[in-house]
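*Asks:* Got a sequence here, can you build the structure:
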Amino acid sequence: MDHVYFTTTKHEKGKHLSYDERVLIQIRLKDRWSANKIAKEIGCAPNTVRNEMRRGTVSL
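*Replies:* Alright, predicted model coming up:
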């Protein structure tokens with residue numbers, strides 16, 4: 001991980017994204033991270049991040 005204070009927990013398969021995970025996606029997108037890199041940090045599929053971006057639940 002790139003950050004010393006990595007506090008997120010791994011995402012459980014088949015569960016909805018939490019509010020904290022959505023906020024993290026939004027922050028990382030503002031930092032110009034790719035969907036693949038964000039998904040690896042959260043522990044979910046890259047398509048899940050892309051779906052959230054397309055759905056509009058995280059602002060770009």
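*Asks:* Quick one: list the elements packing against the longest helix along the chain.
*Replies:* Ranked by residue count and defined by DSSP state H, the top helix of the chain is helix 19-30. Packing partners of helix 19-30 (3 or more CB pairs under 8 Å, 6 or more residues apart in numbering; DSSP states H and E): helix 35-42, helix 46-55. Any C-beta I mention is one placed from the backbone N, CA and C, and that applies to glycine too.
*Asks:* Let me see the mean pLDDT of it.
*Replies:* Mean pLDDT, computed over helix 19-30, is 93.
*Asks:* quick revisit: Glu21: which of the helices and strands packed on helix 19-30 is closest?
*Replies:* Glu21 lies closest, by CB to CB, to one member of the helices and strands packed on helix 19-30: helix 35-42, at 5.5 Å.
*Asks:* can I get the helices and strands packed on helix 19-30 in CSV with distance to Val23, mean pLDDT and mean neighbour count?
*Replies:* Formatted as CSV, those follow (distance: least, CB to CB, whole Å; pLDDT from 0 to 100; neighbours: other CB atoms under 10 Å):
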stretch, distance to Val23, mean pLDDT, mean neighbour count
helix 35-42, 11, 95, 19
helix 46-55, 11, 92, 15
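*Asks:* For those helices, give me TSV that also has distance to His16.
*Replies:* Converted to TSV, the helices and strands packed on helix 19-30 look like this (distance: least, CB to CB, whole Å):
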stretch	distance to His16
helix 35-42	12
helix 46-55	10
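*Asks:* re the thing from before, hey, C-alpha coordinates of the longest helix of the chain in CSV?
*Replies:* The C-alpha coordinates for helix 19-30 follow below in CSV (Å, rounded to 0.1, in the frame of the first residue of the first chain):
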residue,chain,number,x,y,z
TYR,A,19,-20.5,4.7,2.6
ASP,A,20,-16.8,4.8,3.6
GLU,A,21,-15.8,2.8,0.5
ARG,A,22,-17.8,5.2,-1.7
VAL,A,23,-16.1,8.2,-0.2
LEU,A,24,-12.7,6.5,-0.7
ILE,A,25,-13.6,5.9,-4.4
GLN,A,26,-14.6,9.6,-4.7
ILE,A,27,-11.3,10.7,-3.1
ARG,A,28,-9.2,8.4,-5.3
LEU,A,29,-11.0,9.5,-8.5
LYS,A,30,-10.2,13.1,-7.6
